[in-house]
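Enquirer: Only the shape, not the letters, is given here:
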């Protein structure tokens with residue numbers, strides 16, 4: 001999708017903020033008659049609403065623009081959703097939001113980079129609001145987004161999807177427990193979406209992941225359940241690095257340390 005308002009706040013078309021003392025209101029200031037009234041809204045607030053984000057190239061998976069419409073089923077989605085030219089649209093992030101957390105940044109997408117806009121309900125959301133996020137590389141038969149189609153790939157689409165899933169699982173654990181190290185995972189996912197596999201390989205095998213104190217693999221996690229989940233994901237990551245021939249020297253023995261610690 002496109003860009004936020006200048007000051008970064010979420011506003012309705014009349015210029016009023018969608019935020020209240022109780023938090024961001026679902027659907028901004030849609031009339032109560034449209035939503036069934038305040039009582040109905042309170043009862044329906046936990047209903048899950050599917051949302052989508054097309055991203056790639058210079059647009060990160062963690063940016064804030066989402067849509068209620070699945071890009072796979074909207075003809076000329078790039079044109080109507082005001083995707084900027086830097087967004088290759090090669091990847092699709094899908095998740096759900098609680099209805100009470102849905103925040104409309106714009107009622108309609110606005111023209112951008114030669115695209116006409118007009119797609120209703122551009123949402124501004126935080127990635128960590130998503131329920132059960134999953135990631136897919138869009139099929140080649142769905143190449144309305146083709147700015148980067150001629151780039152040579154050194155990872156298959158399936159392997160890219162698996163890397164994104166594992167790296168984001170680790171990212172979410174670290175975001176809760178060790179926020180500084182979560183930035184390492186964020187950079188890795190961005191390198192995949194840009195298809196910069198040379199830098200991805202270098203960074204994946206670098207000191208920020210596998211070095212000494214402060215590296216991702218050595219983080220301390222107080223909660224034992226989260227520590228166990230972290231180590232399981234790190235084992236999956238090392239296995240995938242080995243499968244895709246991205247595993248550097250000195251990393252495989254770390255897998256044994258994790259395997260000795262992990263509980264079934």
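Expert: Cool, the structure landed. Because the structure is a prediction, the values reported are computed rather than measured.
Enquirer: CA only for contacts and neighbour counts going forward, please
Expert: Will do.
Enquirer: centroid residue for this structure?
Expert: By CA atoms, centre = their mean, the mean C-alpha position of the chain lies nearest to residue 61, the distance being 3.7 Å.
Enquirer: how far away is it from residue 136?
Expert: With distances taken as CA to CA, to the nearest Å, residue 61 is found 12 Å from residue 136.
Enquirer: so what sits against both of those two?
Expert: residue 93 (CA atoms under 8 Å, 6 or more residues apart in numbering).
Enquirer: how does this structure divide into domains?
Expert: 19-137, 157-261 (automatic domain parsing).
Enquirer: Reformat those domains as TSV; add mean pLDDT.
Expert: As requested, those are exported to TSV (pLDDT from 0 to 100):
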stretch	mean pLDDT
domain 19-137	77
domain 157-261	92
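Enquirer: Now residue 96: closest residue in space that isn't a chain neighbour?
Expert: Leaving aside its sequence neighbours, residue 96 sits nearest to residue 50 (CA to CA, 6 or more residues apart in numbering; 4.3 Å).
Enquirer: Doesn't the one you found belong to a strand?
Expert: Yes. Residue 50 sits within a strand when classified using DSSP: H, G, I helix; E, B strand; the rest coil.
Enquirer: quick one on the thing from earlier: my guess is the residue nearest to the centre of the chain contacts residue 55, does it?
Expert: Yes. Residue 61 lies in contact with residue 55 (CA atoms under 8 Å); the separation is 6.0 Å.
Enquirer: Quick check: neighbours shared by those two?
Expert: Shared contacts of residue 61 and residue 55, counting by CA under 8 Å, 6+ apart, come down to 93, 193.
Enquirer: my guess is residue 107 meets residue 81, correct?
Expert: No. Counting by CA under 8 Å, residue 107 stays clear of residue 81, with 11.6 Å between them.
Enquirer: Settle it for me: which of the two has more neighbours?
Expert: Applying other CA atoms under 10 Å to residue 107 and residue 81 shows that residue 81 carries more neighbours, namely 29 against 17.
Enquirer: pretty sure that one contacts residue 118?
Expert: Yes. Counting by CA under 8 Å, residue 118 is a contact partner of residue 81 at 6.9 Å.
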